[in-house]
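Undergrad: quick one, fold the following:
(one chain, ligands or ions: 1)
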Amino acid sequence: MIAKVIYRLIVVLLSCLPVSQVFSQNAMDFSQVEIKSQKIADNVYMLTGSGGNMGVLTGADGVILIDDQYAPLTDKITAAIAAISDTAIRFLINTHYHGDHTGGNQNLAKAGVIIVAHDNVYRRMSTENFMASFNQTIPASPTEALPVISFSDNVMFHVNNEEVVVTHLQNGHTDGDSIIYFRNANVIHTGDLVFNGAYPLIDISGGGSIDGMIAAQDYILSLADDETRIIPGHGTLGDRAAVQALNDVLITARERVRKLIDAGSTLEQIQAARPNADYDAVYGNGFINPDRFIEFIYTSLTQ
Ligand SMILES: [Zn+2]
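TA: Residues are numbered from 1 along each chain as shown. The predicted model follows:
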């Protein structure tokens, strides 16, 4: 409960930031950010700070890190990992291309870390992107920040007595999303395919779609059992029930918006009708407010 209240506070604070600051590290003050580690299995941790949630697998073969928030936080992140691991970071997996998940890439690459991500993460990070729903241009990343290894469907890591299964799921939050399943530890890092307890961002111009989000969550639900720990892209540590609840919201909201589109309503009319009012109080206080959530679904269904 307290964790939930704190999360709400964080998302409210985050939603007060100008949008331009959420996806780029320019002008953000990271001096007060603290990187916190939460142990969720024998050698798996969730790390939080500012930006997307990180996952860490420790062990004698070297650390696998999932996502790396913003560049000014790299020293704090590596210090937090050094406090839980005797070995250095060997691999970094990016769940997708957004700057709050890839901002530390260049620093970590310079330190010798091998970056791995889906082909479309490489493709989008190598060129300038225009994020239409936020009217924001994201410049190409420096060469060192790009994945050194990219894959089209899936890739598996065999380290630290763990089977780390990285699976690409199509056109959900973006067109380059991967989930990371630690099979033995029974932990899944979902990237931004799950925002725990909040409406998710769907980056339509980045290849995302409401149908893909729902399908990706269906896949996550098919892997998870009641014991599975789920690291969401944003929000507190979750479980299968939390993903199921969000999935139900997305399916219902898509149906409601579709009906209004079929009846001839414009985006503005649908937003004014507040078709998801019953969910807004719980899910609509985050970075994505109810109007923007409807805009994602509307754009996705009509484009
Ligand atoms: Zn994202």
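Undergrad: need the residues of the stretch 101-250 of the chain near the ion, please.
TA: Neighbours of the ion within the stretch 101-250 of the chain, by C-beta under 5 Å from the ion: Asp192. (C-beta placed from N, C-alpha, C; glycine too.)
Undergrad: 6 Å - rerun?
TA: Residues of the stretch 101-250 of the chain lying close to the ion by C-beta under 6 Å from the ion are 173, 192, 201.
Undergrad: wait, what's in contact with whatever residue of the stretch 1-150 of the chain ends up closest to the ion?
TA: Nearest to the ion in the stretch 1-150 of the chain, going by C-beta to the ion, is His98, at a distance of 3.5 Å. Shown in contact with His98 (C-beta atoms under 8 Å, 6 or more residues apart in numbering): 23, 52, 174, 192, 203, 206.
Undergrad: residues near the nearest residue to the second one once chain neighbours are set aside, how many?
TA: Counting by C-beta to C-beta, 6 or more residues apart in numbering, His101 is the residue found nearest to Gly52 once chain neighbours are left out, at 4.1 Å. Around His101 there are 25 other residues, counting by other C-beta atoms under 10 Å.
Undergrad: summarise which helices and strands the host helix or strand of Ala253 is packed against.
TA: Ala253 belongs to helix 240-262 when assigned by DSSP states H and E. Packing partners of helix 240-262 (3 or more C-beta pairs under 8 Å, 6 or more residues apart in numbering; DSSP states H and E): helix 210-223, strand 229-231, helix 267-273, helix 277-283, helix 290-302.
Undergrad: most packed of these?
TA: strand 229-231 (a mean of 26; mean count of other C-beta atoms under 10 Å).
Undergrad: what's that one in contact with?
TA: Everything outside strand 229-231 that qualifies as a contact, by C-beta under 8 Å, 6+ apart, is 40-41, 44, 46, 53, 55, 66, 185-190, 194, 196, 220, 224, 237-240, 242-243.
Undergrad: swap in 10 Å and give it another go.
TA: 38, 40-41, 44-48, 52-56, 66-67, 95, 179-180, 182, 185-191, 194, 196, 220-221, 223-224, 237-243 (C-beta atoms under 10 Å, 6 or more residues apart in numbering).
Undergrad: re the thing from before, who's in contact with the residue nearest to Gly52?
TA: When contacts are counted by C-beta under 10 Å, 6+ apart, His101 touches 51-54, 66-70, 94-95, 117, 121, 191-192, 233.
Undergrad: all set now, cheers.
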